[in-house]
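**Student:** starting from these lines, generate the structure:
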Amino acid sequence: MLKKLLKVFTGGSEGTVAVYPRTAEKEQQITDIELVKRSQRGDTEAFSELVRKYQTVVYNLAYRFMRDRNLAEDMAQEAFVKAYKHLSGFRGDCAFATWLYRVTCTVCITELNRRKKRSEVEFEPNIYETGYEEKHSDKEMAEKIRECVTHLPPKYATVITLYYLNGMSYEEIAEIMDIPVGTLKTWMFRARKQLKKIVEREVFPDEEI
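**Tutor:** Numbers count the residues shown, from 1 in each chain. Next up is the predicted model:
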């Protein structure tokens, strides 16, 4: 999935996360926590195993944000690089997959905000529950709403994307965001409310919705 060479930087020097063949038996025997511990000790083969195990889900999550295959691949690589560089900060308070999802979301939202400031964001159809699709074509509406989502604060853009595009439950998103479900529900309510206002202002300035 990740075509480019995944590079990591440790100790101020540039290294390479090597790719090694794996076996089903090895994958079953070694847990994520063990692989993380080995990676924290400098075992790049262990981290490569984590990359192989999660590269598809990380890419798919990145694609949900970026809506472009090349950009999604770049963001997936960046997420793994960032995860490797900050692996010492992983204490095992949550599952490694949850922590990695969190890192990926942060990387994607940061890049989208950077592109938005430079007017580089490209929009492709997405589906959000807004109730406005009947007035406009699906593609046009999806593109406009995606643009509006980028105007939300990062945490609100993240929960909207994870819920509507990744189809995650509140419990899953709360775990990834490291917040109580009650807090997530509040964020979701505020995100929808803000998104509605943005859509009304940016897409339907002369219409009563």
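**Student:** name the residues of stretch 83-95 that are buried.
**Tutor:** Residues of stretch 83-95 classed as buried by neighbour count (16 or more other CB atoms under 10 Å): 83, 84, 87, 90. C-beta coordinates here come from the backbone N, C-alpha and C atoms, glycine included.
**Student:** centre of the chain versus it, how much separation?
**Tutor:** 16 Å (CA atoms, centre = their mean, to the nearest Å).
**Student:** for stretch 149-167, same thing?
**Tutor:** 10 Å.
**Student:** so which bits of that stretch are buried?
**Tutor:** In stretch 149-167, counting by 16+ other CB under 10 Å, buried: 149-152, 155-166.
**Student:** quick one: contacts of it?
**Tutor:** By CB atoms under 8 Å, 6 or more residues apart in numbering, the residues outside stretch 149-167 that reach it are 61, 64-65, 105, 109-110, 112-113, 116, 121, 126-129, 168, 170, 172-173, 176-177, 184, 187-188, 190-192, 194-195, 198, 202.
**Student:** inside helices: which ones of these?
**Tutor:** If you go by DSSP state H, the contacts of stretch 149-167 have 61, 64-65, 105, 109-110, 112-113, 116, 170, 172-173, 176-177, 184, 187-188, 190-192, 194-195, 198, 202 in helices.
**Student:** pLDDT at residue 191, what is it?
**Tutor:** With respect to pLDDT, residue 191 scores 92.
**Student:** kindly apply the preceding question to residue 26 instead.
**Tutor:** Looking at residue 26, its pLDDT stands at 46.
**Student:** how does this protein divide into domains?
**Tutor:** 30-122, 123-209 (automatic domain parsing).
**Student:** give me the residue at the spatial middle of the chain.
**Tutor:** residue 105 (3.0 Å; CA atoms, centre = their mean).
**Student:** I'd like to know how far residue 65 sits from residue 179.
**Tutor:** From residue 65 across to residue 179, the span is 19 Å (CB to CB, to the nearest Å).
**Student:** more neighbours, those two?
**Tutor:** residue 65 (24 against 15; other CB atoms under 10 Å).
**Student:** the more buried one and residue 106 touch, don't they?
**Tutor:** No - in this structure residue 65 lies outside contact range of residue 106 using CB atoms under 8 Å: 10.6 Å.
**Student:** please enumerate the helices of this structure.
**Tutor:** Going by DSSP H, the chain shows helices at 24-29, 32-40, 44-66, 69-85, 96-117, 138-149, 154-164, 170-177, 181-202.
**Student:** where in this protein is pLDDT low?
**Tutor:** For the chain, the stretches flagged by pLDDT under 70 are 1-29, 117-139, 142-143, 205-209.
**Student:** got a PyMOL select line for the buried ones in the ones in helices among the contacts of stretch 149-167?
**Tutor:** A single PyMOL command selects the buried members of those (16+ other CB under 10 Å):
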select buried, resi 61+64+65+105+109+112+172+173+176+177+184+187+188+191+192+194+195+198
